[in-house]
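1. Predicted coordinates and the sequence they were generated for:
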2 protein chains.
Amino acid sequence: MVLAKRKAGGEAVRILGIDPGSRATGYGVIDKQGAALTFVSCGVIRTSEKTPFPERLKEIYEGIREVIARHRPQLVGVEDIFTAVNPRSALKLGHARGVLILAAMQGELPVAEFSPRVVKQAVAGYGQAPKEQVQQMVRILLKLSASPSQDAADALAVAICRANHYNNLL
Amino acid sequence: MVLAKRKAGGEAVRILGIDPGSRATGYGVIDKQGAALTFVSCGVIRTSEKTPFPERLKEIYEGIREVIARHRPQLVGVEDIFTAVNPRSALKLGHARGVLILAAMQGELPVAEFSPRVVKQAVAGYGQAPKEQVQQMVRILLKLSASPSQDAADALAVAICRANHYNNLL
């Protein structure tokens, strides 16, 4: 509803991109108005490996809830996992993604998932682009004066990817 | 705090056991008073594979929140994963475990995790016990007139395991 109204009024759509991790979860917020993308915010939710895992999940969940409350995005994109990762890492990452997706669902935000290949395609033009190139392209596309950290850049790349796919759906 | 008071008063400690799964999450609630274990409730939170995964995570989360609100457990045990599972299954299961653990954390309930081997050891006396034997031992230990479903029995086994380990800590 809100989405439709904003579109009709030519207002920007706010998009949150998330790059999940149990140690570091990157987030990036952008506005999309027509074809123009504007940087809003980005950062990293870090948890200590010394903290018990259940507590870390709560920190990740509360961290992203805070980001959502502060920036009020209307769309969410989440990076999907590499399939080649081992079961133990996949399980841990799954926990983090689970609470992140839950937080978005609780905000009634439509969540879309994108593989790293699709995200890289969206910002760098090809799916095998190295991390540094993603970081650099994010900086250029959002007209940032400096490159964001790796995790934040990945999250902004997810947000840009979400913006492109949203466009295709209109 | 509440826990200490109840112990001193000789009251029962209520324990929730969870057997996580993205399709079916079993839960079992028991009371422990001294060495005596009493059955309180058990069931299964089921989600449809036709429902989008983010929505299913919300259903799992809300399902266990409801169980916690209804039965007010003081301790929670969660079954850990089989390490041999493939990354894709591990990732999915991780999402479910993530939101379940989060729900327990939000209720300020101490969460302990147990491997299937330790759970089987606790109810059947040896870590390689087949599923049917776990089911049967749960029925006997909790004096149930009939065997609970597989997922519910596994969750009750986790609760019994949590009860035993709690005992060892006193």
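-> Ah, there it is. All figures in this text were calculated on a predicted structure; none of them were measured in a lab.
2. Give me the spatial nearest neighbour of residue A:87, chain neighbours excluded.
-> Once flanking residues are discounted, residue A:87 sits nearest to residue B:90: 4.0 Å by Cβ to Cβ, 6 or more residues apart in numbering or on different chains. Glycine gets a C-beta too; all of them are placed from N, C-alpha and C.
3. SS state for that neighbour?
-> helix (DSSP: H, G, I helix; E, B strand; the rest coil).
4. just so I have it, where are all the helices in chain A?
-> For chain A, the helices defined by DSSP state H occupy A:2-8, A:53-71, A:87-106, A:116-124, A:131-141, A:150-169.
5. how much does the third one deviate in direction from helix A:53-71?
-> Taking axes from the mean of the first three to the mean of the last three Cα atoms, to 10 degrees, helix A:87-106 and helix A:53-71 form an angle of 40 degrees between their directions.
6. mind listing what's buried in helix A:87-106?
-> A:87, A:89-105 (16 or more other Cβ atoms under 10 Å in any protein chain shown).
7. Pick out the residue in chain A sitting closest to chain B.
-> Of all residues in chain A, residue A:94 sits closest to chain B, at 2.0 Å by Cβ to the nearest Cβ.
8. Just give me the neighbour total for the nearest residue to residue A:48 once chain neighbours are set aside.
-> Nearest non-adjacent residue to residue A:48, counting by Cβ to Cβ, 6+ apart: residue A:56, 7.5 Å away. Using other Cβ atoms under 10 Å in any protein chain shown, residue A:56 is surrounded by 24 other residues.
9. and if you look at the one 3 residues further on?
-> Counted with other Cβ under 10 Å, residues neighbouring residue A:59 total 18.
10. wait, doesn't it sit right on residue A:52?
-> No - with contact defined as Cβ atoms under 8 Å, residue A:59 does not count as touching residue A:52 (10.6 Å).
11. Can you pull out the low-pLDDT segments for chain A?
-> Filtered on pLDDT under 70, chain A yields the residue ranges A:1-10, A:82-85, A:167-170.
12. Please tell me how far residue A:70 sits from residue B:54.
-> Distance, residue A:70 to residue B:54, using Cβ to Cβ, to the nearest Å: 21 Å.
13. The two: which has the busier surroundings?
-> Legend: neighbour count by other Cβ under 10 Å for residue A:70 and residue B:54, higher for residue B:54 (22 against 11).
14. Thought residue A:107 was touching the more buried one, still the case?
-> No - the pair residue B:54 / residue A:107 is not scored as a contact, 11.5 Å apart, by Cβ under 8 Å.
15. Nearest residue to residue A:129 in space, ignoring adjacent ones along the chain?
-> Per Cβ to Cβ, 6+ apart, closest to residue A:129 is residue A:120, 4.4 Å.
16. burial measure for that neighbour, as a count.
-> 23.
17. surely it meets residue A:127?
-> Yes - in this structure, residue A:120 is within contact of residue A:127 by Cβ under 8 Å, at 5.1 Å.
18. ok, residue A:121 to residue A:36 distance?
-> Using Cβ to Cβ, residue A:121 is found at 20 Å from residue A:36.
19. Mind checking which of these two has more residues around it?
-> Per other Cβ under 10 Å, whichever of residue A:121 and residue A:36 has more neighbours is residue A:121, with 17 against 9.
20. what sits against that one?
-> Shown in contact with residue A:121 (Cβ atoms under 8 Å, 6 or more residues apart in numbering or on different chains): A:127, A:161.
21. Recalculate using a threshold of 7 Å.
-> Neighbouring residues of residue A:121 by Cβ atoms under 7 Å, 6 or more residues apart in numbering or on different chains: residue A:127.
22. same question, residue A:98
-> Residues near residue A:98 by Cβ under 7 Å, 6+ apart: B:57, B:94, B:95, B:96, B:98, B:99.
23. Pick out the most distant pair among these.
-> The largest separation in the contacts of residue A:98, counting by Cβ to Cβ, is between B:57 and B:94 at 10.9 Å.
24. Pretty sure the residue nearest to residue A:87 sits against residue A:91.
-> Yes - applying Cβ atoms under 7 Å as the test, residue B:90 and residue A:91 come out as touching, 4.3 Å apart.
25. overlap in contacts of these two?
-> In contact with both residue B:90 and residue A:91: residue B:81, using Cβ under 7 Å, 6+ apart.
26. Other residues contacting stretch A:19-26?
-> Against stretch A:19-26 from outside (Cβ under 7 Å, 6+ apart): A:18, A:44-47, A:49, A:56, A:60, A:63, A:78-79, A:92-93, A:95-97, A:100, A:151-152, A:154-155, A:158.
27. repeat that for 6 Å
-> Residues from elsewhere that reach stretch A:19-26, judged by Cβ atoms under 6 Å, 6 or more residues apart in numbering or on different chains: A:44-46, A:60, A:79, A:92, A:96-97, A:100, A:151-152, A:154-155.
28. How about stretch A:38-57?
-> With Cβ under 6 Å, 6+ apart, stretch A:38-57 has contacts from A:24-31, A:59-60, A:63, A:71, A:95, A:99, A:142, A:148, A:151-152, A:156, B:98, B:101-102, B:105, B:111.
29. Would you enumerate the residues in contact with residue A:120?
-> A:127, A:129, A:134.
30. ok, of these, which one's closest to residue A:12?
-> Among these, and counting by Cβ to Cβ, the member closest to residue A:12 is residue A:134, at 23.5 Å.
31. for chain B, what are the nearby residues on chain A?
-> A:54, A:57-58, A:61, A:81, A:85, A:87, A:90-91, A:94-95, A:97-99, A:101-102, A:105, A:111 (Cβ under 6 Å from any Cβ of the partner chain).
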